[in-house]
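Chemist: Everything below, folded, please.
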Amino acid sequence: MRCSLIPITFFLLIGFAPSVTGQFTLLNNDPDASFKQAKVLYQQGQLSLAYPVFKQLYNLGMANGNMPVQLTLENKYYYIIAALDLDETGVEELANSYIDASESIAQAQKLAFHLGEYYYRKQAFEEALSAYEKTNIANLNNLQIANMKFHQGYAYFVSKKFEKALPLFNSIRQLPNHPNYKDANYYYGFLEFNNKKFGSAIESFLIAEKDPDYQMVVPFYLVELYYFTGEKEKALTYGEQAIQRTGQYYDLQLKQLVGHIFFEQRKFSKALPYLESFVDAKNKVRREDLYELSYCYYEAKKWTKAIEGFKQIGGANDSLEQNSMYLLADAYLKTSDLQNARNAFQFCAANNSNKVQKEVSAFHYAKLSYDLSYFDIAAKSLQQFLNGYPASAYQMEAKELFISTLANTNNYKDALTIYAQLGNSRSENALKIYPRLLYGRVVELINDQYITEAEQLLSQLMAAPYNTTQLPLANFWKAELAYRSGKTDQAIAYLIDYLKSPVRNGEVNSSNARYNLAYCYLKKENYKAAKEQFELVHKNAANNLNDVEKDAILRSADCWFMLKDYKAALPIYEQVIQKNWPNADYALYQKAIIKGAQNKLQEKLVFLTQLEADYPKSAMLPQSYIEIANTYLADEDFEKSLPPLYKVVNNNKAIALHPQAYQKLGIALFNLNKNDASLDQFKILVKQFPNSAESEGAIDYIRNIFVEKQQPAAYIDFMNNNGQSIGINEADSITYRSAMIRYEAKDNLGAESGFTEYVLKYPNGKYAIEANYFLAEVNIVQQKPQSALPFYTAVASKAPNKYAERSSLQAARIYYFDLQDYTRAAEYFALLKQNALQQENKLEAMRGLLRCKFKTQQWAEAAPNAAELLLQKGIAADDQLMAGFVIARNEQLANNYPTALAAYQLLLNKGKSAITAEAQYRIAELQFQLNKLAEAEKSCFEVIKKFASYDLWVTKSYILVGDIYFKQGDYFNAEATFKSVAENAIIPILKQEAADKLAETIKVKEKNNKVQ
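Modeler: Here you go, the predicted structure:
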């Protein structure tokens, strides 16, 4: 558009007609005249009029070549200059060609100047500089020289070649009337500022400031320069005035600098609004700026804002971080936020920049841990402090706190380790605390089934000084462990000692002690003494009897029963039946037995029959059927004895009674002259239960039946096929009897040698079961449980037999406690459950099965065991705990979170153990999954404070606390928590998990906070 309009205007101005044809005619007729006129216009500065003529002449010469050579060259020169000056696109290639080919050095150099200006205006600074280098100032006027120097300087400046730009700008500074005089001063001032020549920089900026273009830029530089030259008051005055004028290009930077100067002068109230305005307007700021603002808030007692700022200044492990954390801790203390103050002191104590702050923070971290009841951490931290700062002013207070911490800790395991490390430096107060630590750890070990370790610590406790308070408690638990180990006499002695000066502490009380003592006497068949203790248990009981008191009443009736004082026993049994207490079915059974003992057989049968009607799911039913059959057999009413016996053999849960039932069926049928049917029952007995006492007793009947049938050969074949050889090997019997004599004489080594000889010679001998059993028992006496194991398993594998019940129990115990082979232990607990006749052993089998599944985390398989155990009457608290946990865990794994949560909460009052520790953690875990974060955090700290000895659950709880903080966006506390776990955890997999989460937290924190 511009190219077509300019020529028309030109011809109108000089009076020619606007005819395009006429225009070309003139150029063709007298191109020299047209060139001269255009040149005059160019020299007059009328480029827009001259350029179209130069261009048309250039095109004409290029088209027909009729123009004189000299005119063509000279016109081309002016055409290129005019095109460059008018910024015509594409002309630079023509210009470069002309410069390279021109025979006129002067023209080439002058054209290079115009080309440089052209590039300068296009901001092609590298090309501009290249063109300027081909220019000679001898061919330029003064204005052109000055312009070129400024433009060269600017191009060097933009290209960051400051050393070349500086003298060029300085040369323009000497020309006050030059259009770029103030510009040159601005850039020169900037470069001198960069060179730290502050005096000349100030001088130049003061000149540049007078230009409106720089009035809103220069003040910031001047304030900085005044600050750097020590004229801080001048900087403040100038800076505040500039800020008040508003519109400053560097307004935020001015506020930052003015605020910083006031901060340096400790005029925090004046610094605050400037720093606040700066920080609030920026997405990211330097750590130093955020620190200064936060400190101003701190001085102004604006604790919340100070906390928010200081929290974000971390991660560099330098003095700024340490000081920030120190002040942050104090700000938290001012707001009574001890938890966060503790975390801040933790960061500060981990920083080595300021030794004094490190020492003070280490002490206060330990002290706050104590105040917040983190006694395990407090104990470790105080011990580290005492060792690390022996000359500290806090030494005395730290020592007192350390002793108090040990006195209050629930982490008995670590506390005992710390106590042991004190060595000969133990104070009198530490010695006084020692028995408490021992006792606390003993209870944990017993609850977690670590019986051997508990026994060892109890022995240490009983020998420790200052144990007066804990000694009765130790006697109680010594008795409990002795009873569990079958050491009944020792248990009695310890319980008697406890009852001399009884104390009450949880499960430890005189009622439980007498209850246990009564059972010991019951086991010793001292029924009179047992009765007296049972009666003392319930003598002063309240109206609402607990399970122990109810059982004590029932067992007192059992004692009267065993003393054959049925008159005293009967009303007690009737009381149990009437009130429908646990074991009412057993009481009804006992009532029937008493009627039988009183020869009131019809009443006996009525009560036994009533048992099935009133308690159709009773575990006593199979035994009651046996007793009904016995009654009819004694009365020689063999036909009526058959139905109850068939009920027993058809009951898969009554396998332990099957040998008796088959034997009695065989006898009844034999007496009914149903020899074939009788023989069938005896055959089942011998084939399925060849090692039972009943099987041996059935042999005479089998022989008589075969003889009556005149089938002696069949009898011999039957016996041989079922491992019952005809005739007894005399050597077999002598070898066994010889070993047995040594056993009865308590010659354990001799007995072991004799029974070993028998087993090797007669592995399938008549007394193989007895020999294996007594070999096992001899090894147990010699405290060689693992040597006893193969003999117990040999006996158990041939169940049922006289010794199978105890052998299964012992094998299960050895696998469980000694070898910790829970899979094999489960096999023998299952065998015990199937064959046990004693309810005590059946209950232990159920408990053992549950514990094996628990240990192997077979939750689905354990659930039926748990449900069955919970149905048992009078089970112990630890049974209820483990069974309840299994049920809760299954609910959690099935994603039934509310149900699982309720189930876990029911477990928390059942003592301190690894199970209750995990239950409390699972509660926190579920609350977190249900997004109940405040409740989850509280539950985590319950684990940390109450179950400190259980490293796994305490560590997992700390990690979950970090997860909670992270989810809440509290990255400061999340970082502190993960950092603590990553540095202090002793479980490698959890240590790594915390480290990974720490790295992620820092990454997210840096993305979200104010710090660059």
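Chemist: any idea how far residue 936 is from residue 337?
Modeler: Noted for residue 337: a distance of 19 Å to residue 936, by C-beta to C-beta, to the nearest Å. Heads up, the C-betas are built off the backbone N, CA and C, glycines and all.
Chemist: okay, the two: which has more neighbours?
Modeler: Counted by other C-beta atoms under 10 Å, residue 337 and residue 936 do not tie: residue 936 has more neighbours, with 24 against 16.
Chemist: State the pLDDT value of the more buried one.
Modeler: With respect to pLDDT, residue 936 scores 96.
Chemist: Isn't it up against residue 922?
Modeler: No - using C-beta atoms under 8 Å, residue 936 makes no contact with residue 922, being 11.1 Å away.
Chemist: Show me where the stretch 651-800 of the chain has its helices.
Modeler: With helices called from DSSP state H, counting those that start in this stretch, the stretch 651-800 of the chain shows them at 658-671, 675-688, 693-708, 712-721, 730-744, 748-761, 768-781, 785-796.
Chemist: Spatially, which residue comes closest to residue 465, not counting chain neighbours?
Modeler: What sits nearest to residue 465 in space, not counting adjacent residues and going by C-beta to C-beta, 6 or more residues apart in numbering, is residue 431, at 5.9 Å.
Chemist: contacts for the one helix or strand the one you found maps to?
Modeler: Using DSSP states H and E, residue 431 falls within helix 428-447. Applying C-beta atoms under 8 Å, 6 or more residues apart in numbering, the contact partners of helix 428-447 are 403, 406-407, 409-410, 412-413, 415-416, 419, 422, 451, 453-454, 457-458, 460-461, 464-467, 469-470, 473-474, 477, 480-481, 506, 878, 911-915, 949.
Chemist: from the residues you listed, which would you call buried?
Modeler: Buried subset of the contacts of helix 428-447 (neighbour count, 16 or more other C-beta atoms under 10 Å): 403, 406, 409-410, 412-413, 415-416, 419, 454, 457-458, 461, 464, 467, 470, 473-474, 477, 480-481, 878, 911-915, 949.
Chemist: Restrict the helix or strand hosting residue 556 to CA atoms and write it as PDB.
Modeler: According to DSSP H and E, residue 556 maps onto helix 547-562. C-alpha atoms of helix 547-562 as PDB (Å, rounded to 0.1, in the frame of the first residue of the first chain):
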ATOM      1  CA  ASP A 547     -17.400 -66.200  85.500                       C
ATOM      2  CA  VAL A 548     -14.600 -67.100  87.900                       C
ATOM      3  CA  GLU A 549     -16.900 -66.900  90.900                       C
ATOM      4  CA  LYS A 550     -19.500 -69.000  89.200                       C
ATOM      5  CA  ASP A 551     -17.000 -71.600  88.200                       C
ATOM      6  CA  ALA A 552     -15.600 -71.700  91.800                       C
ATOM      7  CA  ILE A 553     -19.100 -72.500  93.100                       C
ATOM      8  CA  LEU A 554     -19.400 -75.300  90.600                       C
ATOM      9  CA  ARG A 555     -16.000 -76.700  91.400                       C
ATOM     10  CA  SER A 556     -16.700 -76.600  95.100                       C
ATOM     11  CA  ALA A 557     -19.600 -79.000  94.300                       C
ATOM     12  CA  ASP A 558     -17.100 -81.200  92.400                       C
ATOM     13  CA  CYS A 559     -14.900 -81.300  95.500                       C
ATOM     14  CA  TRP A 560     -17.900 -82.400  97.600                       C
ATOM     15  CA  PHE A 561     -18.600 -84.900  95.000                       C
ATOM     16  CA  MET A 562     -15.100 -86.400  95.000                       C
END
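Chemist: Low-confidence ranges, the stretch 301-450 of the chain, go.
Modeler: Regions of the stretch 301-450 of the chain meeting the criterion pLDDT under 70 are absent.
Chemist: could you pull out the helices for it?
Modeler: With DSSP H, counting those that start in this stretch as the criterion, the stretch 301-450 of the chain has helices spanning 303-310, 319-334, 338-349, 355-371, 375-388, 395-408, 412-422, 428-447.
Chemist: In JSON lines, list these along with distance to residue 827.
Modeler: Formatted as JSON lines, these follow (distance: least, C-beta to C-beta, whole Å):
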{"stretch": "helix 303-310", "distance to residue 827": "61"}
{"stretch": "helix 319-334", "distance to residue 827": "58"}
{"stretch": "helix 338-349", "distance to residue 827": "50"}
{"stretch": "helix 355-371", "distance to residue 827": "47"}
{"stretch": "helix 375-388", "distance to residue 827": "39"}
{"stretch": "helix 395-408", "distance to residue 827": "45"}
{"stretch": "helix 412-422", "distance to residue 827": "33"}
{"stretch": "helix 428-447", "distance to residue 827": "26"}
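Chemist: Could you say which of those helices is packed most deeply?
Modeler: helix 338-349 (a mean of 24; mean count of other C-beta atoms under 10 Å).
Chemist: Would you mind getting the angle between that one and helix 303-310?
Modeler: Angle of helix 338-349 versus helix 303-310, following axes from the mean of the first three to the mean of the last three C-alpha atoms, to 10 degrees, is 40 degrees.
Chemist: how far off helix 319-334 does helix 338-349 point, in degrees?
Modeler: Going by the same axes, to 10 degrees, helix 338-349 makes 160 degrees with helix 319-334.
Chemist: now helix 338-349, how far from the chain's geometric center?
Modeler: 20 Å (C-alpha atoms, centre = their mean, to the nearest Å).
Chemist: And it, what does it pack against?
Modeler: Packing partners of helix 338-349 (3 or more C-beta pairs under 8 Å, 6 or more residues apart in numbering; DSSP states H and E): helix 319-334, helix 355-371, helix 971-984.
Chemist: In JSON lines, list those along with distance to residue 661.
Modeler: As requested, the helices and strands packed on helix 338-349 are arranged in JSON lines below (distance: least, C-beta to C-beta, whole Å):
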{"stretch": "helix 319-334", "distance to residue 661": "76"}
{"stretch": "helix 355-371", "distance to residue 661": "66"}
{"stretch": "helix 971-984", "distance to residue 661": "61"}
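Chemist: Among these, which comes closest to residue 853?
Modeler: Distance to residue 853, taken as C-beta to C-beta, is lowest for helix 971-984 among those, at 30.8 Å.
Chemist: buried ones in the closest one?
Modeler: Quick answer for helix 971-984 (16+ other C-beta under 10 Å): 971-982.
Chemist: again, but for stretch 686-698
Modeler: 686, 689, 691-692, 694-695, 698.
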